[in-house]
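S.K.: Any chance you could fold what I've pasted below:
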Amino acid sequence: GGTGKTTSCLNVAHTLRERGYTVLLLDCDRQTNLTQSFTVGIGAKSHLGSVLMGQASLSDVVMEVEDGLYLIPSSPDIAEAEERISQKPGAEFALKELLDEVEAIDYCLIDTPGGLGKLTYAALTAANAVFIPAQPEYYGIEGLVGLLDVCHQVQKRLNPKLIIGGLFFTQYNRNDRRRAQRDMVQLLESHALFGPLVMHTTIRPNVSLVEAQIEKASIHSWAPASAGAEDYQNLTTEILARL
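M.R.: So this is what the prediction gives:
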């Protein structure tokens, strides 16, 4: 939590859409921050939780929020849906089965909850690749060991095709003079396990990213010359190369 998952999911989606791809966003977080990034998603009567509980079909909840950009919204009620599906056998496959119905979409980006609940396991089971945002701070890095262990468990037991696509730093500038952050990044880059995962692109602190999200606009239309727009262009290019 707090590493920039939603911001990254949103801005990579906008960048992919700008490049001509069709994109589906799937909001799995009860905080609904991704859903709230689009005016039409707020207060939706049907949402991902409705589908998981059998109260609506996928076609009932998918919204075209922009030309070629689609959203399956979330709701605080998704916590109830998560609890219900967790009591059923094969709960980890709930999102995979749902996304198997999707056609004519180039990329689906899943915004996961902050914790390691059933929906996070379901997202990893449904995904082809996982990309991990992190801040170069001691406690943030400490949690990466546990997260990678979860990914390896999912690879072994549920989704052998899952790849750990990469790890990228948010709220960090490679020219940052703060020694603690710089040393942490260098430590990870030289680490046998983490080193190959560390991506070159970092997301620098940039107020335009916050402003664009508040205005429910793409960073590329809100502030096309900003550092935020440049960083997410570069990150998307690097993600596609790793895929």
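S.K.: So residue 167 belongs to a strand, correct?
M.R.: Yes: under DSSP: H, G, I helix; E, B strand; the rest coil, residue 167 sits within a strand.
S.K.: Please shift the residue numbers so they start at 376 in all later answers.
M.R.: Okay, residue one is now 376; in that scheme the one you just asked about reads as residue 542.
S.K.: Assess the claim that residue 408 and residue 379 are in contact.
M.R.: No: Residue 408 is beyond contact range of residue 379, at 10.9 Å (criterion: Cβ atoms under 8 Å). Where C-beta positions appear, they are placed from N, C-alpha and C, glycine not excepted.
S.K.: For the most centrally placed residue in the chain, give its distance to residue 538.
M.R.: By Cα atoms, centre = their mean, the chain has its centre lying nearest to residue 486, at 3.7 Å. Separation of residue 486 from residue 538 (Cβ to Cβ, to the nearest Å): 19 Å.
S.K.: OK, contacts around the closest residue to residue 460 other than its chain neighbours?
M.R.: Once flanking residues are discounted, residue 460 sits nearest to residue 466: 4.6 Å by Cβ to Cβ, 6 or more residues apart in numbering. Contact analysis of residue 466 by Cβ atoms under 8 Å, 6 or more residues apart in numbering lists 460, 493, 496, 497.
S.K.: rerun at 7 Å
M.R.: Residue 466 sits next to 460, 493, 497 when contact means Cβ atoms under 7 Å, 6 or more residues apart in numbering.
S.K.: Now tabulate the residues you listed in TSV and tack on pLDDT, secondary structure and neighbour count.
M.R.: TSV is the format used below for the contacts of residue 466 (pLDDT from 0 to 100; DSSP: H, G, I helix; E, B strand; the rest coil; neighbours: other Cβ atoms under 10 Å):
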residue	pLDDT	secondary structure	neighbour count
460	85	helix	20
493	90	helix	21
497	96	helix	28
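S.K.: Rebuild the residues you listed as CSV, extending it with distance to residue 581.
M.R.: Formatted as CSV, those follow (distance: Cβ to Cβ, whole Å):
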residue, distance to residue 581
460, 37
493, 34
497, 32
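S.K.: buried stuff in stretch 455-472?
M.R.: Across stretch 455-472, burial judged by 16 or more other Cβ atoms under 10 Å covers 456, 457, 460, 466, 467, 468, 469, 470, 471.
S.K.: typed the wrong thing, it's stretch 567-583
M.R.: 569, 572, 573, 574, 576, 577, 578, 579, 581, 583.
S.K.: okay, how far is it across that stretch, tip to tip?
M.R.: By Cα to Cα, to the nearest Å, the extent of stretch 567-583 from end to end equals 35 Å.
S.K.: Can you classify residue 389 by secondary structure?
M.R.: Classification of residue 389 using three-state DSSP returns helix.
S.K.: Let me fix that, I meant to ask about residue 534.
M.R.: Assignment for residue 534 (three-state DSSP): coil.
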